[in-house]
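Engineer: following is a predicted model, sequence given first.
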Amino acid sequence: MIDYTAYTIFGLATATALWAAWKTIRHTRVSDAMFYAISAVEIGTVLLLAVGIAALASTTRTVDGTVMVSYLVTLVLIPPVALVWGVAEKSRWGTGVILVGMWTVAIMAIRVLQVWHG
């Protein structure tokens, strides 16, 4: 389950990052639709946090729990911070902040899988 959730987050975050890149190039600001896309990524990261902690608690494998939980908690924090910063920034770089935040979430989701699989 952790694999599917992480790959889904990777896909959602990458699609949102590409959309933010398009909006940055076009000099447009964060829209309501982008807010909903970031909210979907956030729901996915919260789900990954729950699934990851449950999997970590029930595994017999050697997994660095501190690193994994740190990644999971950080994943939950990035989308709201990027959204607030992106909305507050009135220039075109507001969507640039969203781009960087979503790309970070996508890469960190894959990193969680690397930590999980050893």
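Structural biologist: Arrived safely, thanks for sending. Just so we're clear, the structure is a prediction, and the values are computed from it rather than from any experiment.
Engineer: and the pLDDT at the nearest residue to residue 89 once chain neighbours are set aside?
Structural biologist: Setting aside the residues directly before and after it, residue 89 is nearest to residue 97 in space (Cβ to Cβ, 6 or more residues apart in numbering), at 6.0 Å. C-beta here means a position set from N, CA and C on the backbone, and glycine is covered the same way. At residue 97, the model reports a pLDDT of 95.
Engineer: for residue 97, give its distance to residue 91.
Structural biologist: Distance, residue 97 to residue 91, by Cβ to Cβ, to the nearest Å: 10 Å.
Engineer: more crowded one of those two?
Structural biologist: Per other Cβ atoms under 10 Å, whichever of residue 97 and residue 91 has more neighbours is residue 97, with 21 against 10.
Engineer: is residue 111 in a helix, a strand, or coil?
Structural biologist: Secondary structure, DSSP: H, G, I helix; E, B strand; the rest coil: residue 111 is helix.
Engineer: and it, how many neighbours?
Structural biologist: By other Cβ under 10 Å, the residues close to residue 111 number 15.
Engineer: for the chain, which segments count as helices?
Structural biologist: Here the chain has its helices, by DSSP state H, at 2-25, 32-58, 65-88, 93-117.
Engineer: residues near residue 71, how many?
Structural biologist: Residue 71 has 21 nearby residues by other Cβ under 10 Å.
Engineer: same thing with residue 101?
Structural biologist: Per other Cβ under 10 Å, the neighbour tally for residue 101 reads 24.
Engineer: likewise for residue 113?
Structural biologist: Residues near residue 113, counting by other Cβ under 10 Å, number 16.
Engineer: could you pull up the residues touching the residue nearest to it when sequence neighbours are not counted?
Structural biologist: In space, and not counting its chain neighbours, residue 113 is closest to residue 6: 5.0 Å by Cβ to Cβ, 6+ apart. When contacts are counted by Cβ atoms under 8 Å, 6 or more residues apart in numbering, residue 6 touches 48, 109, 110, 112, 113.
Engineer: quick check: the residue nearest to residue 89 touching residue 87?
Structural biologist: No - applying Cβ atoms under 8 Å as the test, residue 97 and residue 87 come out as separate, 9.2 Å apart.
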